[in-house]
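Visitor: the amino acid sequence is not available; the structure is as follows:
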Ligand SMILES: [Zn+2]
């Protein structure tokens with residue numbers, strides 16, 4: 001087994017030292033000699049963009065550019081392999097979380113380490129789900145790594161959202177979703193496109209990122225709110241509004257706001273009219289299923305319920321350890 005040193009550094013860095021290489025996942029740079037791997041374009045995963053030796057998927061780079069981010073990034077196509085010094089090989093597979101989100105595979109001298117990044121193991125309208133990757137060492141996210149997080153099947157969530165939209169429109173109000181501009185927005189837009197005959201008006205940042213989805217072949221029908229057509233639809237008719245903020249719109253009708261988040265399984269959103277447990281992450285049971293198929297010898301849990309998840313995995317017979325604090 002390869003010697004692996006993994007730690008959560010003082011700067012929130014997730015650092016892997018293997019085969020003479022220093023690899024940092026999704027966090028602040030820990031020295032200029034490190035290889036920086038960015039799993040996807042959500043803000044809490046892109047702290048090392050200004051560094052050298054930054055690797056990410058083609059789609060992630062494209063989304064970051066649309067957000068005005070710049071850097072000398074090295075892009076990886078799906079399954080493209082990059083060989084670093086010391087025979088360390090890096091490749092990626094989709095993680096099913098947002099467009100371009102990657103699981104990173106590090107192979108060195110016949111041993112394998114997989115970092116999942118944010119992970120979604122369930123089929124959805126936009127892109128494929130994360131396939132479990134057989135590995136020796138697994139670094140897995142645990143945002144919802146507690147058994148209290150069991151999401152309804154996606155078909156049920158989709159059906160509930162469609163019914164709510166129809167009910168709100170029927171009473172003469174406008175259904176609106178305040179959701180992340182990357183990931184959740186596009187899933188809601190696609191849902192409306194597929195199941196309803198109602199136009200979608202999209203807020204500014206949602207429109208900007210959705211355009212990137214289209215460029216990468218995802219079919220999405222929406223009208224940017226800041227266009228003449230968007231304003232006409234807002235003023236004249238029925239529509240569904242999708243935005244990352246609770247914008248005011250120039251209409252007399254009541255706007256009913258919904259939120260879509262995995263936390264809705266457990267928490268209430270009193271300032272919203274409705275909350276749906278639609279998540280870009282796996283629930284606890286999806287994570288367990290992933291691990292059983294990946295069958296690693298050693299598991300490190302990161303983010304969210306890292307400690308509780310590692311405890312539960314140990315009870316199931318896995319060698320699991322959370323990475324939650326500074327181990328200098
Ligand atoms: Zn994310």
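Guide: That came through, no problem. For clarity, every value in this text was computed on a predicted model and none was experimentally measured. Numbering: from 1, shown residues only.
Visitor: right, and residue 80 touches residue 93 too?
Guide: No. Counting by Cβ atoms under 8 Å, residue 80 stays clear of residue 93, with 10.8 Å between them. In short, each C-beta sits where N, CA and C put it, glycine included.
Visitor: tell me which of the two has more neighbours.
Guide: residue 93 (18 against 13; other Cβ atoms under 10 Å).
Visitor: that one should be in a strand, yeah?
Guide: Yes. Assessed with DSSP: H, G, I helix; E, B strand; the rest coil, residue 93 lies in a strand.
Visitor: and the gap between it and the ion?
Guide: Noted for residue 93: a distance of 16 Å to the ion, by Cβ to the ion, to the nearest Å.
Visitor: same check, this time on residue 118
Guide: Noted for residue 118: a distance of 4 Å to the ion, by Cβ to the ion.
Visitor: excluding chain neighbours, what is closest to residue 278?
Guide: Leaving aside its sequence neighbours, residue 278 sits nearest to residue 260 (Cβ to Cβ, 6 or more residues apart in numbering; 4.0 Å).
Visitor: what is the neighbour count of that neighbour?
Guide: Number of residues near residue 260 (other Cβ under 10 Å) recorded here: 24.
Visitor: surely it is in contact with residue 189?
Guide: No. Using Cβ under 8 Å, residue 260 makes no contact with residue 189, being 11.8 Å away.
Visitor: gap between residue 184 and the ion?
Guide: For residue 184, the distance to the ion (Cβ to the ion) stands at 10 Å.
Visitor: again with residue 144
Guide: Distance, residue 144 to the ion, by Cβ to the ion: 12 Å.
Visitor: who's in contact with that residue?
Guide: If you count contacts by Cβ atoms under 8 Å, 6 or more residues apart in numbering, residue 144 has them with 262, 279, 281-284, 287, 304-305.
Visitor: which ones among these are found in helices?
Guide: 284, 287 (DSSP state H).
Visitor: just the buried members of the contacts of residue 144?
Guide: The neighbour count (16 or more other Cβ atoms under 10 Å) marks 262, 279, 281-284, 287, 304-305 as buried among these.
Visitor: low-confidence ranges in the stretch 51-200 of the chain?
Guide: Applying pLDDT under 70 to the stretch 51-200 of the chain flags no residue at all.
Visitor: strands of that one, start to end?
Guide: For the stretch 51-200 of the chain, applying DSSP state E, counting those that start in this stretch gives strands covering 54-57, 73-76, 82-83, 88-94, 102-108, 111-115, 137-141, 174-178, 200-202.
Visitor: so which bits of the second one are buried?
Guide: Buried residues in strand 73-76, counted by 16+ other Cβ under 10 Å: 73, 76.
Visitor: list the contacts for the nearest residue to residue 296 once chain neighbours are set aside?
Guide: Spatial nearest neighbour of residue 296, chain neighbours left out: residue 138 (3.8 Å); criterion: Cβ to Cβ, 6+ apart. Each residue near residue 138 by Cβ under 8 Å, 6+ apart is listed here: 113-114, 116, 291, 294, 296, 298-300.
Visitor: pick out the lowest-pLDDT one from the contacts of residue 144.
Guide: Across the set of the contacts of residue 144, residue 304 stands lowest in pLDDT, at 91.
Visitor: do I have it right that that residue meets residue 119?
Guide: No. Between residue 304 and residue 119 there is no contact under Cβ under 8 Å: 11.3 Å.
Visitor: how about the stretch 151-300 of the chain: which residue is closest to the ion?
Guide: Nearest residue of the stretch 151-300 of the chain to the ion, counting by Cβ to the ion: residue 280, 6.4 Å away.
Visitor: residues touching that residue, list them.
Guide: Here residue 280 is in contact with 97-98, 118, 120, 180, 183-184, 187 (Cβ under 8 Å, 6+ apart).
Visitor: and those as CSV, adding distance to residue 20?
Guide: CSV is the format used below for these (distance: Cβ to Cβ, whole Å):
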residue, distance to residue 20
97, 31
98, 33
118, 29
120, 33
180, 38
183, 36
184, 40
187, 41
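Visitor: list just the nearest of those to residue 126.
Guide: Residue 126 lies nearest to residue 187 out of the contacts of residue 280, by Cβ to Cβ, at 5.4 Å.
Visitor: just checking, that closest one touches residue 242?
Guide: No. Contact criterion Cβ under 8 Å: residue 187 and residue 242 do not qualify, at 9.8 Å.
Visitor: higher neighbour count, these two?
Guide: Legend: neighbour count by other Cβ under 10 Å for residue 187 and residue 242, higher for residue 242 (29 against 26).
Visitor: per-domain residue ranges of the protein.
Guide: Segmentation of the chain into domains, based on automatic domain parsing, reads 4-149+281-322, 154-276.
Visitor: secondary structure element for residue 234?
Guide: Taking DSSP states H and E as the criterion, residue 234 maps to helix 228-236.
Visitor: give me the contact list for the first helix or strand past that helix going along the chain.
Guide: Using DSSP H and E, the helix or strand that directly follows helix 228-236 along the chain is strand 240-243. Strand 240-243 is contacted from outside by 165, 174-179, 185, 188-189, 192, 196, 198-206, 222, 225, 234, 247, 249, 255, using Cβ under 8 Å, 6+ apart.
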